[in-house]
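Peer 1: Got a predicted model here, sequence first, then my questions.
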Amino acid sequence: MALVTAAGITKDYRTEELTVPALRNLNFEIEPASFVSFVGPSGSGKTTLLNLIGCLDKPTAGRLTVAGTDVGTLGRKESAAFRGNHLGFIFQDFNMIPVLTVYENIEYPLIMVQNIPFRERKERISRMLAAVGMDDQGGKYPHQISGGQKQRVAIARALVTNPALVLADEPTANLDSQTSYAVIGLMKKMRDDLGTTFIFSTHDTKIVGEAEVLFRLVDGRLAEKELKEGTAHA
């Protein structure tokens, strides 16, 4: 069963005088444990689509199903609960809370979203810190670590809630090439180890090269789907 199914997804942004089409009649499926990238020029609809999958916005028309739920029908509180239970997010600017330590940044969604008991929180955070190679950095603050390390923390924070799906909007935009490849490799390893699906919106050719499935967007339309050779998911 597909993890994400889009059927006729359309998104318009309306003002009093104008309707601006952002997405036009998209149809696609994404399988569990996939490494997927939506690519296209600026304004093609990549970020809009991630916002819809991430329950941050709703389609104007069509049906979008994520983890068995028609997310377009969810209210505000239901959407927030769904995000907390099923989704993780990684951003290009890391979105770390500066007054919290590395450990506390990873812990934050476990307290604020899932209300996980202390002992389980500690076990999960320790496991995630080790998995991203940051087990000796938990007591540091964001200003004390590098950009690559911040993105590793962001990956740990996205995965600590055990989401089925992680959405990553330009996650390597603020990293140098060597660090970008290291972060991409880490995300791919986490996918292999945990079975988490990663969906990217990106211009980065490094992510495009590593993605197993590419969806190309042009002017809000799905122009092409490319399945890399040797990929298990059709």
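Peer 2: On my side now, so go ahead.
Peer 1: Name the residues linked to Thr197 by a beta bridge.
Peer 2: On the basis of DSSP bridges, Thr197 takes part in beta bridges with Leu165.
Peer 1: need the contact list for it.
Peer 2: Neighbouring residues of Thr197 by CB atoms under 8 Å, 6 or more residues apart in numbering: 3-4, 30-36, 164-166, 191. Using the backbone N, CA and C atoms, a C-beta is placed for each residue, glycine as well.
Peer 1: any idea which of those is the one closest to Gly133?
Peer 2: Proximity to Gly133 was ranked across those by CB to CB; first place goes to Arg191, at 16.4 Å.
Peer 1: which stretches of the chain form helices?
Peer 2: Remark: helices of the chain, listed N- to C-terminal, are 46-53, 76-86, 102-112, 118-131, 147-159, 177-194, 205-210; assignment by DSSP state H.
Peer 1: Can you say which of these is packed in most?
Peer 2: By mean neighbour count, with neighbours taken as mean count of other CB atoms under 10 Å, helix 147-159 ranks first of the helices of the chain at a mean of 24.
Peer 1: Tell me what Val4 is bridged to.
Peer 2: Applying DSSP bridges to Val4 gives these bridge partners: Ile30, Val66.
Peer 1: you'd agree it is up against Gly68?
Peer 2: No - at 10.4 Å, Val4 and Gly68 do not qualify as touching, with contact defined as CB atoms under 8 Å.
Peer 1: Between these two, which has more neighbouring residues?
Peer 2: Val4 (21 against 11; other CB atoms under 10 Å).
Peer 1: Mind pulling up the pLDDT for that one?
Peer 2: On the pLDDT scale, Val4 is placed at 98.
Peer 1: same question, the one 10 residues further on
Peer 2: The predicted local confidence for Arg14 comes out at a pLDDT of 89.
Peer 1: residues contacting it?
Peer 2: For Arg14, the contacting residues are Val20, by CB under 8 Å, 6+ apart.
Peer 1: residues in contact with the residue nearest to Ala7 when sequence neighbours are not counted?
Peer 2: Leaving aside its sequence neighbours, Ala7 sits nearest to Arg63 (CB to CB, 6 or more residues apart in numbering; 4.6 Å). With contacts taken as CB under 8 Å, 6+ apart, Arg63 has the following neighbours: Thr5, Ala6, Ala7, Gly8, Ile9, Asp70, Gly72.
Peer 1: list the contacts for Asp12?
Peer 2: Contact partners of Asp12, counting by CB under 8 Å, 6+ apart, are Thr19, Val20, Pro21, Ala22, Thr60.
Peer 1: Could you tell me how far it is located from Val71?
Peer 2: Distance from Asp12 to Val71, counting by CB to CB, to the nearest Å: 18 Å.
Peer 1: Could I get the contacting residues of Gly8?
Peer 2: In this structure, Gly8 makes contact with Asn25, Leu26, Asn27, Ala61, Gly62, Arg63, judged by CB under 8 Å, 6+ apart.
Peer 1: Format the contacts of Arg63 as JSON lines; extra columns: distance to Asp219.
Peer 2: Below are the contacts of Arg63 laid out as JSON lines (distance: CB to CB, whole Å):
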{"residue": "Thr5", "distance to Asp219": "23"}
{"residue": "Ala6", "distance to Asp219": "17"}
{"residue": "Ala7", "distance to Asp219": "20"}
{"residue": "Gly8", "distance to Asp219": "17"}
{"residue": "Ile9", "distance to Asp219": "15"}
{"residue": "Asp70", "distance to Asp219": "26"}
{"residue": "Gly72", "distance to Asp219": "22"}
